[in-house]
Structures are given as structure tokens and as C-alpha cells.
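*Asks:* sequence first, predicted model second:
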Amino acid sequence: MRIAILAFPRFQLLDVTGPADVFAEASRQLGRPGAYRVQVIGTEEGMLQSSSGLCLAVDATVAKHRGAIDTLLVAGSPRIEDMSSDLQLQDWLRRRSRAARRYGSVCTGAFVLGAAGLLDGKRVATHWNAAARLAAAYPGAQVEADAIHVKDGKLFTSAGVTAGMDLALAMVEEDHGRELALRVARELVMFLKRPGGQSQFSAHLAAQTSERSSVRAVQDHVLANLADDLSVPALASRAGMSERNFARIFRSETGATPAEFVERARIDAARRLAEESDLPAKRLADAVGYSNVDGFRRAFGRRLGVNLTEYRRRFPG
């Protein structure tokens, strides 16, 4: 099947090459070199310079491309808004998306789809740093600011850069099943299971951002001891600070209150347990430090946007 990836001047290189490598490895694993045929479609002929300065030769241009497209993806770019006023491009995208089996974007490529009217009434993902801009520019879209990738009917959209590989892997799984997707992931040393609705961030990632060793030590303690007393008084005592000073410094260093970080860490652990086991809600709550299962359910829904039952339905183990 033919995969077309639309790229512009100053495109993000991995938005193109990441998915291309996933599809190429899937073809290799299938033992069918032509199972997925990736073409780069440019807005102009010749060599296209990426945002990193490296260049890629386009296979065809929007004006001259011929032939059917099974899957159409739009790559992102740091200057993607520059392409949003190209009426000829918008018309091409509308026509091609109607004819394709599926279409979508990687990272900020969603802005070009939005300009073509292809996001209206749809659930959409993009890079976390562009989510607010996308939502403001295209209010008809339902932007899921923290999702890795989202499928809504024929539309597939993903967060930034490496998330495009997760998106391509999800397409491979849709086409050929989970076993092939796992083989591709292992070969490319990708996460074997990073479903679309999972967060672009985790508590472990957030714990790497603090510059103060005392705050990092507290974060590490939280991550390793989720069932402990993780109240502000207990954490302030561990940091050797007054409660007021600890809360102020923690928020300044991390951008979150201690309670928000603890909730994120506990729910992050709970969602992983929910994916890997069939533990009931009460045992999940106990495992991550919630004494009240109703409080756990509320926090789970608030943090992930879906309840536990729906999360397990979307992301079965």
C-alpha cells in the first residue's frame, strides 16, 4: 500500500523518516518489500531542506503527484503556519483525504489539516507546545493536548517527533495485527506498548526537570514509595524545609504543587498497573497509595480524561 508523507520547507526530519522506518521494517518483517511503499510529497521539486539543515529528495510534488494514496500523512514544521494560507494545497488535501483510506498528521502538521477544514468535529493530537494554538486557531477541533496519538474515524493525528513512530506502529497493528507490530517495535527498540491516549508526559519525566537536588530527592522518594504518607508535612520534613518554604520552592522548580506531583505519580503508576493486570479498582487504589477508592476513581478520571473501565477498554493488556 502507498504511504504519502507531505513535507514542506523546514519540515521536521523525524516526522518523515520515523514513520517511514516503521513502515519499511513492517514490510521487511512481512517478507514483502513492497507491502508499504513510502513516498515523500513536497510542495516544490528537488531537495527539501529540513529544520535541522539536512535535505531530503522529494518523490513528487503536490502539483504533479499521480496515483492512489492509501495513507496520507502531513509532517510538522517549526514554521507550519506559513503553509496554512496555501489554498491550492488545502484543495489538494481535501480531495486526497476523501479518496484515501486514512489520513492524518504528525506533530504540527495538524495545522495544515485544520486550514483545509479537515479537523472540524474531530478529536485531535499535536505537540503539547502547540496544542493551545491549534485549539485557538481551529475551535471546531477537540484538541487532546496530552495524548500521544488519536484516531477519530479516518483521521490519525499524533504528538511531536517520536510520537509519529507510535502513530505509524498503530497503523501497522491496525493493518496486520499486534504480533507484527510488536516485532517491528522490538527491532526498532521502541516502546512495545505506548497507546495513543497515554500522556506525553509522565511523573518520571517531570522528576528530571528540577535543578535542586533536595527537590529531586523528594520526587524520587515519591516515585519509589507511592503507598507512603506523601503529604506536604511529610515531604517538607524529608526535604529539611518548612512546609511553606517547601511548597513554594517545589512549585517554583517543577511548575506543580507537591499534591499535583503526587497525584500524577500515583495515577501514572495506576494506569500502568491497569494495562498490565486485571486488578480491581480497590486493589489498584491500595497499590498506589489511595485509602479511598472513590477518591482514586475521581483522580484517575481527572488526570486521564476517562474512567478506569473506559481506559481499560481503550488500552487492553
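*Replies:* Looks like it arrived, so ask away. Bear in mind that the values here come from a model prediction, so they are computed numbers and not experimental data.

*Asks:* what helix or strand is Glu179 located in?
*Replies:* helix 178-187 (DSSP states H and E).

*Asks:* and that helix, what does it pack onto?
*Replies:* Contacts defined by 3 or more C-beta pairs under 8 Å, 6 or more residues apart in numbering; DSSP states H and E place helix 178-187 against helix 13-30, helix 163-176. For every residue, glycine as well, the C-beta is placed using N, CA and C.

*Asks:* may I see the buried residues of the shortest one?
*Replies:* Taking 16 or more other C-beta atoms under 10 Å as the basis for neighbour counts, the residues of helix 163-176 that come out buried are 163-173, 175-176.

*Asks:* angle of it against helix 13-30?
*Replies:* If you take axes from the mean of the first three to the mean of the last three C-alpha atoms, to 10 degrees, helix 163-176 sits at 30 degrees to helix 13-30.

*Asks:* past whatever helix or strand Arg272 lives in, which element shows up next along the chain?
*Replies:* For Arg272, the host element (DSSP H and E) is helix 258-276. Counting by DSSP H and E, the next helix or strand C-terminal to helix 258-276 is helix 281-287.

*Asks:* in that following helix, which residues are buried?
*Replies:* Neighbour counts over helix 281-287 (16+ other C-beta under 10 Å) mark Ala281, Leu284, Ala285, Ala287 as buried.

*Asks:* not counting residues beside it along the chain, what's closest to the second one?
*Replies:* When you say that, I think you mean Leu284. Once flanking residues are discounted, Leu284 sits nearest to Ala270: 5.2 Å by C-beta to C-beta, 6 or more residues apart in numbering.

*Asks:* and if you look at the last one?
*Replies:* On the basis of C-beta to C-beta, 6+ apart, the spatially nearest residue to Ala287 that is not a chain neighbour turns out to be Leu273, at 6.2 Å.

*Asks:* so who does that neighbour touch?
*Replies:* Leu279, Leu284, Ala287, Val288 (C-beta atoms under 8 Å, 6 or more residues apart in numbering).
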